[in-house]
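Novice: Fold the following and give me the result.
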Amino acid sequence: MLTYMLFLLPAFVLSLWASWRVKSAFKKYSRVRAMSGMTGAQAAKYMLERAGLTDVSVVRTRGMLSDHYNPTNKTLALSEATHDSPSVAAIGVACHEAGHAIQHARAYKPLWLRSALVPTANIGSKLGYFVMFGGLILMMMSHGAAGQGIVLFGAIMFSAVLLFQVVTLPVEFDATRRAKVLAVEYGIVSAQEREGMDRVLDAAAMTYVAAVVSTLMTLLYFLLRAGLLGGRR
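Specialist: Coordinates of the predicted model:
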């Protein structure tokens with residue numbers, strides 16, 4: 001267990017740093033009121049209307065930074081801190097989620113691929129880790145070949161999580177790009193206010209990078225311990 005923790009320490013530190021950065025940026029710019037006076041909900045609705053989307057519902061949801069877009073029912077859910085706030089941070093997050101709705105309407109292929117991977121990724125995240133762990137236990141009980149095969153099977157399952165997260169990166173980066181450009185183009189924020197919006201969204205993007213690194217390191221750890229990527233330990 002100690003070896004596992006040390007192996008994942010860099011990924012863990014990166015995740016903590018990314019989480020701290022996004023919370024810090026959101027807290028800072030949630031105190032900066034946008035000159036347009038729009039709340040996050042109003043900004044999202046206006047951005048969607050200007051993009052020609054009238055069939056997307058913008059609703060309030062609970063939870064800190066729980067904002068998301070659901071392509072299944074075309075619902076853009078904004079947390080209370082985003083939905084009702086006229087801050088630069090809230091507008092940035094809301095416009096980012098509106099960017100996902102625009103991706104959906106424009107048939108952005110990476111978004112479609114990510115949605116298609118959800119069922120497989122869910123199975124991999126729930127079972128893959130435990131299957132790999134079980135395989136290592138069997139190897140420790142002198143069932144080398146059988147245990148190694150189970151670790152490999154679990155790794156294949158867990159790889160679905162990594163694939164999902166990798167596909168998520170261009171989806172999130174593109175939604176952020178759309179938000180940055182359109183928010184200024186539509187007059188939702190000024191060019192000067194976009195600096196704060198950029199910091200919030202860039203910090204949020206790093207959390208997805210950290211997730212990829214963490215999953216990759218976990219996968220590599222089990223493969224290395226099972227002797228599937230080099231000498232067996």
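Novice: Check whether residue 105 really touches residue 69, as I assumed.
Specialist: No. The pair residue 105 / residue 69 is not scored as a contact, 10.8 Å apart, by C-beta atoms under 8 Å. (Each C-beta comes from the backbone N, C-alpha and C, glycine too.)
Novice: Comparing the two, which residue is more hemmed in?
Specialist: More crowded of residue 105 and residue 69, by other C-beta atoms under 10 Å: residue 69, with 23 against 16.
Novice: element containing the more buried one, please.
Specialist: strand 68-70 (DSSP states H and E).
Novice: who does that strand pair up with?
Specialist: strand 75-79 (antiparallel) (DSSP bridges).
Novice: buried sites along the partner strand?
Specialist: Of the residues in strand 75-79, 76, 77, 78, 79 count as buried by neighbour count, 16 or more other C-beta atoms under 10 Å.
Novice: Show me what the second one is bridged to.
Specialist: When bridges are called by DSSP bridges, residue 77 pairs up with residue 59, residue 68.
Novice: could you point out the longest helix in the chain?
Specialist: Using DSSP state H to define each element, the chain has its longest helix at helix 144-185.
Novice: Just the mean pLDDT for it, thanks.
Specialist: Helix 144-185 comes out with an average pLDDT of 95.
Novice: what's the following helix or strand after that helix?
Specialist: Going down the chain from helix 144-185, the next helix or strand is helix 194-225, by DSSP H and E.
Novice: List of residues touching stretch 212-231?
Specialist: Identification of contacts with stretch 212-231 by C-beta atoms under 8 Å, 6 or more residues apart in numbering yields 4, 7-8, 10-12, 14-15, 129, 132-133, 135-136, 139, 147-148, 151-152, 154-155, 158-159, 161-162, 165-166, 169, 232-233.
Novice: give me the number of residues near the closest residue to residue 208 other than its chain neighbours?
Specialist: Nearest residue to residue 208, sequence neighbours excluded (C-beta to C-beta, 6 or more residues apart in numbering): residue 172, at 5.2 Å. By the criterion of other C-beta under 10 Å, residue 172 has 20 neighbours.
Novice: Tell me the secondary structure of the residue lying farthest from the centre of the chain, please.
Specialist: Centroid-distance maximum for the chain: residue 142 at 39.5 Å, with C-alpha atoms, centre = their mean. Secondary structure for residue 142, judged by DSSP: H, G, I helix; E, B strand; the rest coil, is coil.
Novice: Show the end-to-end separation of stretch 137-148, please.
Specialist: Taking C-alpha to C-alpha, to the nearest Å, the span from the opening residue of stretch 137-148 to its closing residue is 10 Å.
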